Structure formats: C-alpha cells, structure tokens
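Undergrad: model this:
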Amino acid sequence: WKNRLRSNTESLRNPPVLGQITNGQLYLLDQMRQNSNTHTHWSDANWESLIPEFGKDVVLAFRDGAINFWRNYSPQLRSEGAPPNSIPYTVIFGLTGLLIESQQPQAMLGLSDDEAKLATRYAMHELNGFPSWLPSLFASHPNSVIEIVLNEVDYELTTPAEGAENSYVLYDVSWSGEWLWPALASLIIPYMRKKDRNISQLRQLLSIAQGSPLGDSELASLAARKARASTESVFAAVWFATWVGVAPRPGLAAVSVHLAAMTSAQEQTSFSTNFITTLVGGRFEKRCARQGFRTVPIMSDLFLLMQRYIREEEDINRANSGVYSPGERDAAQDARNALLSFIRETPGKDAFLALIHISQSHPVPSARQWIARQAKDKATLDADSVPWTAAQLLEFHSGLERTPNNDRELWELAVDRLLDLKHDLEDSDTSNATILQKSNQETEIRNYIGGWLRDHAQNRYSAPQEEEFSDAKRADLRIHGHTFDGQIPVELKLADNWSG
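TA: The predicted structure is shown next:
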C-alpha cells in the first residue's frame, strides 16, 4: 500500500473520476480515523497524523484530494430518498474535506452561494449535531444554509417519522443549533399552528421558538389557542407549560381550570406530570418553556397546585433501594420539589411569607410542620449579612466603615451614627449636652441632630429634614442611601415633653 500510494500521489489529489472516492483515498481515510482519539463525528481533520507512516507528499496529496472532493459530489438528502441508517464513505470523505478546508482562515467567506448550499447538504449528514464550521458558513451565507435546513425540517414535519428519522435535522437544531434559532423561529410558526402529531417534534419546535427573539405575547397567544384546542392530554400539557412560561398568571389560572374539569385522578396526575416536566425540565426531557414563571408568588401557587395532583403521599422513595431505573414519576416529583427549592433559595421577605403560606395550605398535614421549620431556617439564613465585596473590605480597612448598598446596611449605619451621637453627648470632653438641655423646642434639637448627622455622613448618606410624604405627613429626619434608592425615617421626640 505504501509503495503504491507513493507512486500514485496524483490520483490521491485528482482522481480519474470526479465525485468517486478511490481505494487509496478510502484506505487513508480509514487510517486517519483509526488514529483519532474520538469518534463522535463522521468528519476528522487529523490528516497530519498520517505523515510519520506514509510521508508528507502522500499525505498532502490526500489532504488536497479531500478538499477537492466535496465540491464534485452532491450528497443525497433524506427528503430526496437518502436512507436514514447508513452514511456512504463519499459523504464522510466530503465532510472530512470540508473540515480540513474550514481550518484555513476565512475559508467559509470565500465560498459561492452554490458551494454554501452544497456544504450545507453535507452538514445534514454529520453525526451528533452539526459540523463545527456550519455556524461560520451560516454567518457568511445565511440564506443558503436556511434554504437547505428548512427544506429538511419541512420533510420531517410532513412525513411520518419512523425509527431513526426521529433524530434528524430538527433534533440537531433544537439541541445544538442555537445560532439558527433567530432566523428559523418565524419560519416554523406555521407548522406549530397545525394539528400536533408528534410530541418529540413539538418539543423540538418549541425549544427553537422559546430560545428565539419571538415576543412573549405572540407565543402566549399561540399557546393559549393550542392548549384549549388540544384533544390529547400529552399535547395540551406541553402547550399549557408554554403558556405559563410567557404569561404566568393567566396561564396558571387556565391550568387550574383545566385540571379541575378532569374527572379522573389518574388523568389529572398524568397531565400534571407532563406539564411540570415540560415547564421545569426533568430527567428525560429538556425544558422547552420560557422562565417568566420563576417568581416567588407564581412558584408558590404552582407548588400548591402540583401538590394536589402529584401527591406527596404517592411519591416513590428510592432511598436505600439499590439500583433502579428512574421513571416519569421520579421526574415529576423532582420537578415539583424543585419549585419549593426555588422559594427556599430565594432571599427576601416574599420567599419567607410564601413558605409560611405553604405551611398553612399544604394538602398534607404532616408536611406543614416541616415547611414551617424551613421558613424559620430561611429567616435565620436571611438574617446573615451579605458577603462583603473586595471594594467594601478595602473601604472598611481605610475608615472602619463601608458605604451601605441596601436598606439593612443603611439602617445599621444610621443606628451606629445615633449611638455615636449618644456617646458624643454623654461622654465626650466637648459635649454640647448642657447647651441642648436648655432648649425645650423640638425644632432646635432636630436642627442640631440633623446637622450632626450631615457633618458625619462622609458621603455615605444624606439626612434632609421634614420631607413631605404622599399623604402630606412629614418625617423629622429621613436618611437616604447614596448607592441605592432607600430611606430610613427618624422620628424625634423630647422625652421631657411626653406626658405619661
């Protein structure tokens, strides 16, 4: 073989019949693929690994021949009758040539529109997603790429899928073709308006649409219409999840009504399982809904609704049960529990109150005490201070104080300032306490305290007097943060003027 290849390098570079792979090219292609560390794609550009065994002249001729080959052969697409379960070596060799050529600077920019379409035909055959060069080709020739991709998507959506045909272009676009979504989304909407016939294809279409710039209102309108019109529960669940993802409050209300109208508990649980795993994601399904529902009020209502139909007392307990294969029920209860985890992990008062509400409304009495304890633990954690940034640490090192960035920090600084004032009046050698004791006018005392706070602000706050509120009332002092929109009101009373 080696001697034959060395004596026929020209046939490796320019074979006698264009569009046909020679035995020498096929042999070197197999040797190159055997030298590769991975076999996740059909194409391979590791041509230099052949040099030690076959010599530079032979390998350079093989490389040039691969680059020349793809232009002289046109792969048959599935829409044209190509079998789904076999890839001819001519396609693999063409993909190899394209990958090698794509490693040259600006290679994709120099292709004509016809060459871009031909290259895209090869890309439809790549294993495990698209070739690495296809995004660059799309950037320089978007119309050529979209024409081929959309033609194959149309074939998938209009031809009954069997076996491996379930994993073709639409699958690749939904899983690894994010760069195609903006251009493709509006073109697949007409297919989504038609009657649903394949749940996998529907999820793939929705993944593309959800990740594109399509407006929430357009998706909400489509999802609401399809959810109400769906006669099959599995399709309805996916459309309701899409609706909740872009219009949470009306979508969730519609889900509640839809579930209440069902007469079978088994049907309710099945619908809820499909709905929540589509919305949140599961062990077997990628989520294909937008995340507009991820707010504490919506998640709280959603958790309580799912508890009614994916009942906690029916959960599968896998602890200490050995090896098992998780099923849909495992995914459903995981997704339901993820709603509660989101609330627990969200800082702030709203999440604490949501946990209190859940502890009072949970359909399982034995779970209420546990969730109430979770609320208490959350309050304890939320009471901890937010970690300091490096800038705050340096500021504190310089002046033993830091500029407040939230209401709590502003309140703590205000308390510290008032304690400093107390110490200054009670213990300082330069105290003005005796002067202030002679005044029984609140205005005079307020002016002094307001001035003292202003003089000690160090540009961390401001303290204006008697700002008027919307109800025409006034606070004696109000301390404003400088790095955020927050205020701490201070009410001043003279103790000697109070009547018991």
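Undergrad: From now on I want contacts and neighbour counts done on CA atoms only, so please keep to that.
TA: Noted.
Undergrad: What are the phi and psi values at Trp42?
TA: phi -70, psi -40 (degrees, to the nearest 10).
Undergrad: does Asn37 count as helix, strand or coil?
TA: coil (DSSP: H, G, I helix; E, B strand; the rest coil).
Undergrad: What count of nearby residues applies to it?
TA: Neighbour count of Asn37, defined by other C-alpha atoms under 10 Å: 8.
Undergrad: which residues does Asp196 contact?
TA: Residues near Asp196 by C-alpha atoms under 8 Å, 6 or more residues apart in numbering: 202, 235.
Undergrad: quick one: it from Val234, how far?
TA: 10 Å (C-alpha to C-alpha, to the nearest Å).
Undergrad: same check, this time on Phe293
TA: For Phe293, the distance to Val234 - C-alpha to C-alpha - is 21 Å.
Undergrad: what do you get for His41?
TA: His41 is 34 Å from Val234, by C-alpha to C-alpha.
Undergrad: Show me the shaky parts of the stretch 51-200 of the chain.
TA: Within the stretch 51-200 of the chain, the segments meeting pLDDT under 70 span 161-166.
Undergrad: any idea where the helices of it begin and end?
TA: 51-54, 56-69, 89-102, 113-123, 134-140, 142-158, 169-176, 181-193, 199-210 (DSSP state H, counting those that start in this stretch).
Undergrad: Return the set of buried residues in the fifth one.
TA: For helix 134-140, burial by neighbour count (16 or more other C-alpha atoms under 10 Å) applies to 134-138, 140.
Undergrad: Please dump the residues you listed into CSV; it should also carry distance to Arg71 for every row.
TA: What follows is the buried residues of helix 134-140, written out as CSV (distance: C-alpha to C-alpha, whole Å):
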residue, distance to Arg71
Leu134, 16
Pro135, 19
Ser136, 18
Leu137, 15
Phe138, 18
Ser140, 18
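Undergrad: Pick the one among the residues you listed closest to Glu491.
TA: Nearest to Glu491 among the buried residues of helix 134-140 is Pro135, at 63.5 Å by C-alpha to C-alpha.
Undergrad: excluding its backbone neighbours, what's nearest the closest one?
TA: Trp179 (6.8 Å; C-alpha to C-alpha, 6 or more residues apart in numbering).
Undergrad: do you know how far the residue minimising distance to the centre of the chain is from Lys349?
TA: The centre of the chain sits closest to Gln291, judged by C-alpha atoms, centre = their mean, with a distance of 8.0 Å. Distance, Gln291 to Lys349, by C-alpha to C-alpha: 22 Å.
Undergrad: ok, the residue nearest to the centre of the chain - contacts?
TA: Neighbours of Gln291 in contact, by C-alpha under 8 Å, 6+ apart: 245-246.
Undergrad: what's the helix or strand for it?
TA: Assignment of secondary structure by DSSP states H and E places Gln291 within no helix or strand.
Undergrad: Leaving aside the residues adjacent along the chain, what's closest to Gly484?
TA: You called it Gly, but residue 484 is Phe. Nearest to Phe484 is Asn405, by C-alpha to C-alpha, 6+ apart, at 6.1 Å.
Undergrad: What separation is there between that neighbour and Gly399?
TA: Distance from Asn405 to Gly399, by C-alpha to C-alpha: 17 Å.
Undergrad: Leu109 contacts Leu134, correct?
TA: No: judged on C-alpha atoms under 8 Å, Leu109 makes no contact with Leu134 at a distance of 11.7 Å.
Undergrad: what's around Glu126, how many residues?
TA: 21.
Undergrad: Identify the spatial nearest neighbour of it, chain neighbours not counted.
TA: Per C-alpha to C-alpha, 6+ apart, closest to Glu126 is Trp42, 6.0 Å.
Undergrad: got a list of what the one you found touches?
TA: 92, 95-96, 126-127.
Undergrad: Over to Val173?
TA: 129, 180-181, 208.
Undergrad: Kindly give a single ChimeraX line that selects the buried subset of the residues you listed.
TA: Selection of buried members from the contacts of Val173 for ChimeraX, criterion 16+ other C-alpha under 10 Å:
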select :129,180,181,208
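Undergrad: A strand includes Arg225, no?
TA: No: counting by three-state DSSP, Arg225 is located in no strand; its state is helix.
Undergrad: In terms of pLDDT, where does it sit?
TA: As predicted, Arg225 sits at a pLDDT of 97.
Undergrad: What is the burial count for it?
TA: 15.
Undergrad: so Trp243 touches Glu218, yeah?
TA: No: counting by C-alpha under 8 Å, Glu218 is not a contact partner of Trp243; they are 10.4 Å apart.
Undergrad: quick one: which of the two has more around it?
TA: Ranked by neighbour count (other C-alpha under 10 Å), Trp243 and Glu218 place Trp243 first, with 33 against 10.
Undergrad: now that one: how far from Ala254?
TA: 9 Å.
Undergrad: same question, Leu355
TA: 24 Å.
Undergrad: Output the below-cut-off pLDDT ranges for the stretch 351-500 of the chain.
TA: 496-500.
Undergrad: hey, where'd the strands end up in it?
TA: 461-462, 477-481, 487-490 (DSSP state E, counting those that start in this stretch).
Undergrad: Dump these to JSON lines, plus mean neighbour count.
TA: As requested, those are exported to JSON lines (neighbours: other C-alpha atoms under 10 Å):
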{"stretch": "strand 461-462", "mean neighbour count": "20"}
{"stretch": "strand 477-481", "mean neighbour count": "22"}
{"stretch": "strand 487-490", "mean neighbour count": "16"}
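Undergrad: Which of the ones you listed sits closest to Asn35?
TA: Nearest of the strands of the stretch 351-500 of the chain (C-alpha to C-alpha): strand 477-481, 64.8 Å.
Undergrad: contacting residues around the closest one?
TA: 404-406, 410, 414, 446, 450, 460-467, 486-492.
Undergrad: Name only those of those residues that count as buried.
TA: Buried among these by 16+ other C-alpha under 10 Å: 404-406, 410, 414, 446, 450, 460-466, 486-489.
Undergrad: Roughly how far does the residue nearest to the centre of the chain sit from Trp133?
TA: Distance from Gln291 to Trp133, counting by C-alpha to C-alpha: 31 Å.
Undergrad: Look up how far Leu12 lies from Gln20.
TA: From Gln20 to Leu12 the distance is 11 Å (C-alpha to C-alpha).
Undergrad: more neighbours, these two?
TA: Set Gln20 next to Leu12 and count neighbours by other C-alpha under 10 Å: Leu12 wins out with 26 against 14.
Undergrad: what's the spacing between the residue lying farthest from the centre of the chain and Ile445?
TA: Distance from the C-alpha centroid of the chain, by C-alpha atoms, centre = their mean, peaks at Lys438 (65.5 Å). If you measure Lys438 against Ile445 using C-alpha to C-alpha, the figure is 10 Å.
Undergrad: Now do the contacts for the residue lying closest to Trp70 once chain neighbours are set aside.
TA: Of all residues not flanking Trp70 in the chain, Gly94 sits nearest, at 4.3 Å (C-alpha to C-alpha, 6+ apart). Contact partners of Gly94, counting by C-alpha under 8 Å, 6+ apart, are 66-67, 69-70, 73, 122.
Undergrad: In this structure, where's the longest helix?
TA: Ranked by residue count, the top helix of the chain under DSSP state H comes out as helix 407-427.
Undergrad: just the CA coordinates of it, formatted as CSV?
TA: Taking Å, rounded to 0.1, in the frame of the first residue of the first chain, the C-alpha atoms of helix 407-427 are listed here in CSV:
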residue,chain,number,x,y,z
ASP,A,407,-31.8,49.1,53.3
ARG,A,408,-30.5,46.8,56.0
GLU,A,409,-26.9,48.2,55.8
LEU,A,410,-28.3,51.8,55.7
TRP,A,411,-30.3,51.1,58.9
GLU,A,412,-27.3,49.6,60.6
LEU,A,413,-25.2,52.7,59.7
ALA,A,414,-28.0,55.0,60.9
VAL,A,415,-28.1,53.2,64.3
ASP,A,416,-24.3,53.4,64.5
ARG,A,417,-24.4,57.1,63.9
LEU,A,418,-27.1,57.7,66.5
LEU,A,419,-25.1,55.7,69.0
ASP,A,420,-22.0,57.8,68.1
LEU,A,421,-24.1,60.9,68.8
LYS,A,422,-25.2,59.5,72.1
HIS,A,423,-21.6,58.8,73.1
ASP,A,424,-20.6,62.3,72.0
LEU,A,425,-23.3,63.9,74.2
GLU,A,426,-22.8,61.7,77.2
ASP,A,427,-19.1,61.0,77.3
